[in-house]
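Undergrad: Model the structure of this input:
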Amino acid sequence: MDGYVAETLARLPLARAVFELFSYVLDEPSLGELFERHRGRCYERELAFPTVVYLLRDALLVHGGSGLASFEAAGEAGALPVAVKNVYEKLGRLPLAVSTALLRHAAGRLLADGLMPLLPARRDPLPATLAAFAVIAFDGKKIKRAAKRLKALRGLPGKMLGGKLLAAMHVRHGLALAIEADPDGERNDVPLVPGLVRQVRAMVEGPILWMGDRQFGNLDLPAVLSERGDDQFLLRCTTALTFHPDEQRAEQEGADARGRRWVQRWGWVGSAKDKRRRYVRQVVLYRPEEADGDVILITGLLDAAAYPAEDLLAAYLLRWEIECMFQQVTEVFDLRTLIGSTPQAMVFQSAFCFVLYNLIQVVRSYVAAGAGRDASEVSTEKLFGTTRRQLTAWAELGEPAHAAQYVRPAPTPAALDGRLRSLLGGPGVWRRRWLKAKPKKPQPPRPKAKVRKGHGGHTSVWRAMQAYEQQRARP
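TA: Take a look at the predicted model:
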């Protein structure tokens, strides 16, 4: 690294930290191996998979979500061996297995290599009684705002859905762990749960407490989530799931931290003739003032002394963190601007946005630690805005494409930890403008706008493409 490059990067600590993390988590050899292992019938010639990843990285981090700007800049720098059209076609054919493996690999490097436990700035948000569990929240997400560029989509009414994701989040570390994907944006979330569970279990050692919202509160999933003996579940359910109390155990009641009444009972969910019937503990939090209604939880943690109802309710409230993650991935990391037009391309971009989210969470923790603050006080959006400006400055002053080549990957997690602490722990790095704004008084919900007849609605890109191909195949 020459003196000019070294001095430029020294003035851009956030950009250098992203390069350090990227070169460690997604280095070129591991990306090539990942693609070879999960590519299926897909192949690579002049355009290698690591190049596609780095082009997408530059599009999201430097060029405001514009794939064309990133591809053209790489072509001008001599780093793009094919025409721009071929990059879009390559993105459109990437198998879903490659996309899910990308996030799983990146998150695994942060967790399995011991990097996340070294971060001192994030306090454990979970109750102490759940310290033995890795608490995993999971929820579904539709990829929206798909553009109607394909011939099969032109002239179709309504909005297009690019695919369906089921994501898992490590609540204690605040990281996206894995996604299970389907090209059909209108696919139900529940069939994707077994695949997601298999991915997470391969990454997380020890017992897991699974947390899911109401669409997962049925008779099938408790058996899937607790298939491994030491795993447990904490699911919200509706009144449609019948509960038969155990007459031999008296119900108990109390109040949460906000003074709201709760009642816990023991009994069975499902009828006596149903083979899926299961003995559970039910905790009901009464919220007459909420439009969302009462919170009805079922869990396999039957010991009320070891796992108090207040702790289970407090843990379930943290499930909302995955909704915040979805919002930040969509709005902060430009998932609203979809580069590709096929479900495969949109799922790959979504997986990459989750990787970026994880990397910025690591940067956020180191920045907060250097300033002597808790990571929850630092705004991800504000920090990422400054990071993007520094990356843009590097693209203009340094090398516009593949800037991470100037950073050699750290050989060990300890070496990476030392580099990040030296980059982000100095007194000149912290900016008060990165602090989160104080919470405002919630506004009453606005009435939904009426949809005119003939407008609105949505359909799946995948279903439209299937229908188009069937129509073409007819004699």
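Undergrad: any idea how far Y88 is from the closest residue to V200 other than its chain neighbours?
TA: Distances taken as CB to CB, 6 or more residues apart in numbering place A168 nearest to V200, at 5.1 Å, with adjacent residues excluded. C-betas here are computed from N, CA, C, even on glycine. Using CB to CB, to the nearest Å, one gets 30 Å for the distance from A168 to Y88.
Undergrad: okay, the two: which has more neighbours?
TA: More crowded of A168 and Y88, by other CB atoms under 10 Å: A168, with 27 against 19.
Undergrad: Tell me the spacing between the residue most central in space within the chain and S350.
TA: Nearest to the mean C-alpha position of the chain, by CA atoms, centre = their mean, lies A176 at 4.1 Å. A176 sits 10 Å away from S350, going by CB to CB.
Undergrad: any shared contact partners between these two?
TA: Listed as contacting both A176 and S350 by CB atoms under 8 Å, 6 or more residues apart in numbering are V329.
Undergrad: residues touching A345, list them.
TA: By CB under 8 Å, 6+ apart, the neighbours of A345 are Y88, L91, G92, L94, L338, I339.
Undergrad: Name the helix or strand for it, please.
TA: Assigned by DSSP states H and E, A345 falls within helix 343-370.
Undergrad: So what's the gap between that helix and the chain middle?
TA: Computed by CA atoms, centre = their mean, to the nearest Å, the chain-centroid distance of helix 343-370 equals 8 Å.
Undergrad: helix or strand right after that helix?
TA: Following helix 343-370 toward the C-terminus (DSSP H and E): helix 380-397.
Undergrad: Compute the inter-axis angle for that next one and helix 343-370.
TA: Between helix 380-397 and helix 343-370, the angle comes out at 100 degrees (axes from the mean of the first three to the mean of the last three CA atoms, to 10 degrees).
Undergrad: Now whichever helix or strand comes after helix 380-397 - C-alpha only, CSV.
TA: Using DSSP H and E, the helix or strand that directly follows helix 380-397 along the chain is helix 413-424. Extracted in CSV, the C-alpha atoms of helix 413-424 (Å, rounded to 0.1, in the frame of the first residue of the first chain):
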residue,chain,number,x,y,z
PRO,A,413,-10.3,-13.1,15.0
ALA,A,414,-8.0,-11.6,17.6
ALA,A,415,-6.1,-9.8,14.9
LEU,A,416,-9.3,-8.5,13.4
ASP,A,417,-10.5,-7.4,16.8
GLY,A,418,-7.3,-5.4,17.4
ARG,A,419,-7.6,-3.7,14.0
LEU,A,420,-11.2,-2.7,14.6
ARG,A,421,-10.5,-1.4,18.1
SER,A,422,-7.6,0.7,16.8
LEU,A,423,-9.7,2.1,13.9
LEU,A,424,-12.9,2.8,15.7
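Undergrad: Can you name the next helix or strand after helix 413-424?
TA: strand 458-460.
Undergrad: which of the residues in stretch 143-160 are buried?
TA: Neighbour counts over stretch 143-160 (16 or more other CB atoms under 10 Å) mark I143, K144, A146, L150, A152, L153, M160 as buried.
Undergrad: In strands, which of those fall?
TA: I143, M160 (DSSP state E).
Undergrad: Which two of the buried residues of stretch 143-160 have the greatest separation?
TA: With CB to CB as the measure, no two of those lie farther apart than K144 and A152, at 18.2 Å.
Undergrad: where does the stretch 301-450 of the chain have low pLDDT?
TA: 398-407, 440-450 (pLDDT under 70).
Undergrad: ok, now with 50
TA: Counting by pLDDT under 50, the stretch 301-450 of the chain has low-confidence residues at 400-402.
Undergrad: what's the angle from the helix holding A345 to helix 413-424?
TA: Between the axes of helix 343-370 and helix 413-424, defined by the same axes, to 10 degrees, the angle is 70 degrees.
Undergrad: Run through the helices of the stretch 1-150 of the chain in chain order.
TA: For the stretch 1-150 of the chain, the helices defined by DSSP state H, counting those that start in this stretch cover 3-10, 13-25, 28-38, 49-61, 67-76, 84-93, 96-112.
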